[in-house]
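Participant: Pasting the sequence and the predicted model now:
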Amino acid sequence: MYTWTRDETDKQIRPIVQKDKNHNNCLCQLTILSSFANRSTRFITMYGEGLSGAQAAWANKKYHGHRTLPPEWVFTAKNSTV
């Protein structure tokens with residue numbers, strides 16, 4: 001006979017074993033996380049400069065290899081019709 005106690009014990013034990021086996025498969029790679037963080041930081045910076053979403057996307061394509069957004073690019077992005 002299958003009892004409730006045995007069923008609950010199995011449910012508690014099995015997920016722990018499965019979590020240990022699948023733990024690394026559930027995590028994102030560090031390179032993916034860092035690229036997401038860098039891109040998010042660039043967008044936050046551009047929004048802080050007063051650019052709209054389309055202007056920020058345009059500037060992100062242009063300055064993705066730079067550490068800061070040059071002031072003349074902010075002026076160009078604000079005046080561009082994106």
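Facilitator: Arrived safely, thanks for sending.

Participant: what about Leu30, how many residues close to it?
Facilitator: Neighbour count of Leu30, defined by other CB atoms under 10 Å: 8. C-beta: built from backbone N, CA, C; applies to glycine.

Participant: Apart from its neighbours in sequence, what residue is nearest Val74?
Facilitator: If the residues on either side of it in the chain are set aside, Val74 comes closest to Glu49, at 4.9 Å by CB to CB, 6 or more residues apart in numbering.

Participant: meant to ask about Arg42, not that
Facilitator: Asn60 (5.4 Å).

Participant: I'd guessed that neighbour sits against Ser40; true?
Facilitator: No. Assessed by CB atoms under 8 Å, Asn60 is found out of contact with Ser40, at 10.3 Å.

Participant: Just want to know which of the two has more residues nearby.
Facilitator: Between Asn60 and Ser40, counted using other CB under 10 Å, the more crowded position is Asn60 (17 against 10).

Participant: What pLDDT does the model give that one?
Facilitator: On pLDDT, Asn60 comes in at 77.

Participant: where's it, which helix or strand?
Facilitator: Here Asn60, judged by DSSP states H and E, is contained in helix 53-63.
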